[in-house]
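1. coordinates only, no sequence provided:
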């Protein structure tokens with residue numbers, strides 16, 4: 001009804017599990033393909049992949065797509081997306097592979113925000129594909145343990161937000177590569193990136209003055225020297241998570257030292 005009576009620009013069915021998603025997508029593809037710019041199907045994992053693919057192939061002006069927890073969405077669905085996308089969530093799309101991410105990035109060079117959270121089949125080949133996006137500002141790779149070569153993102157100088165949580169092979173040198181190229185970085189989550197060391201913190205302090213939120217949660221290779229570097233070079237920091245950073249010693253003492261070094265921080269999470 002909406003597709004036939006109105007010029008549909010956005011469709012939001014997030015968690016509307018009683019909707020007949022296949023029929024809705026067919027109606028959109030038939031009646032609103034030329035006008036629709038955003039489709040949010042987050043949480044509708046029962047949506048048939050064939051229906052997704054057909055709709056996306058018809059709707060070529062899409063700029064924003066949400067596919068959270070579409071565990072059956074295959075690479076064919078990703079290949080159907082484009083060519084004008086700026087924001088895509090593939091969080092929880094467990095069937096997605098490097099080939100699908102490569103196709104998505106190749107067809108949508110203007111992507112600014114991409115969420116690849118909990119996509120267990122992805123490898124560093126996907127990071128290399130993502131590195132081809134010169135306008136990328138926001139990348140989520142939470143719980144993607146197979147990713148490590150984040151240094152490739154040095155090719156994305158506009159990057160502002162990066163979540164690498166759980167990337168256990170990511171090194172301090174890899175973070176340093178990103179820091180050196182991404183001076184606009186504001187939010188960086190390195191929780192449980194257990195191979196990251198002070199090389200990362202030193203580079204962040206040297207190159208990322210815009211940093212507002214930083215987490216080293218669970219990292220035992222970060223020391224006082226790394227935290228000192230962040231304090232000296234990141235004056236805009238508002239939130240800092242050092243929980244589990246057992247080698248950070250000076251900051252466990254109740255002397256006010258932390259407050260003095262980080263006057264702008266309003267949210268602390270410290271190891272005790």
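-> Thanks, I have it. Treat the numbers as computed from the prediction; the structure is a model and nothing was measured.
2. the strands in the stretch 1-150 of the chain, which residues?
-> If you assign secondary structure with DSSP state E, counting those that start in this stretch, the strands in the stretch 1-150 of the chain sit at 10-12, 38-40, 64-66, 87-89, 113-115, 138-140.
3. can I get the ones you listed in TSV including mean pLDDT, distance to residue 151 and mean neighbour count?
-> Bear in mind the C-beta positions are built from the backbone N, C-alpha and C, glycine included. Below are the strands of the stretch 1-150 of the chain laid out as TSV (pLDDT from 0 to 100; distance: least, Cβ to Cβ, whole Å; neighbours: other Cβ atoms under 10 Å):
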stretch	mean pLDDT	distance to residue 151	mean neighbour count
strand 10-12	96	37	15
strand 38-40	98	33	20
strand 64-66	98	28	20
strand 87-89	98	23	21
strand 113-115	98	18	22
strand 138-140	98	13	21
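4. those into CSV, with extra columns for distance to residue 205?
-> Output for the strands of the stretch 1-150 of the chain, formatted as CSV (distance: least, Cβ to Cβ, whole Å):
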stretch, distance to residue 205
strand 10-12, 41
strand 38-40, 38
strand 64-66, 35
strand 87-89, 31
strand 113-115, 27
strand 138-140, 22
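5. show me the helices in the stretch 101-250 of the chain, by range?
-> Counting by DSSP state H, counting those that start in this stretch, one finds helices in the stretch 101-250 of the chain at the ranges 124-130, 172-181, 198-207, 224-233.
6. elements contacting the third one?
-> Judged by 3 or more Cβ pairs under 8 Å, 6 or more residues apart in numbering; DSSP states H and E, helix 198-207 is in contact with helix 172-181, helix 224-233.
7. list of residues touching it?
-> Contacts to helix 198-207, defined as Cβ atoms under 8 Å, 6 or more residues apart in numbering, come from residues 171-173, 175-176, 179-180, 182-183, 185, 188, 190, 211, 214, 216, 221-223, 225-234.
8. repeat the analysis, applying 6 Å as the threshold.
-> Outside of helix 198-207, the residues that reach it under the criterion Cβ atoms under 6 Å, 6 or more residues apart in numbering are 172-173, 175-176, 179-180, 222-223, 225-226, 229-230, 232-233.
9. go on, the last one?
-> Here helix 224-233 makes contact (Cβ under 6 Å, 6+ apart) with 198, 201, 202, 204, 205, 206, 248, 249, 250, 261, 262.
10. pLDDT on stretch 261-272, on average?
-> Along stretch 261-272, the predicted local confidence has a mean pLDDT of 75.
11. ok, now stretch 169-179?
-> Confidence for stretch 169-179, expressed as mean pLDDT, is 97.
12. on that earlier part again, closest to residue 103 among the contacts of helix 198-207?
-> residue 175 (28.1 Å; Cβ to Cβ).
13. I'd like the helices of the stretch 101-250 of the chain as JSON lines, with distance to residue 70 and mean neighbour count appended.
-> Shown next, in JSON lines, are the helices of the stretch 101-250 of the chain (distance: least, Cβ to Cβ, whole Å; neighbours: other Cβ atoms under 10 Å):
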{"stretch": "helix 124-130", "distance to residue 70": "17", "mean neighbour count": "21"}
{"stretch": "helix 172-181", "distance to residue 70": "29", "mean neighbour count": "21"}
{"stretch": "helix 198-207", "distance to residue 70": "33", "mean neighbour count": "22"}
{"stretch": "helix 224-233", "distance to residue 70": "38", "mean neighbour count": "19"}
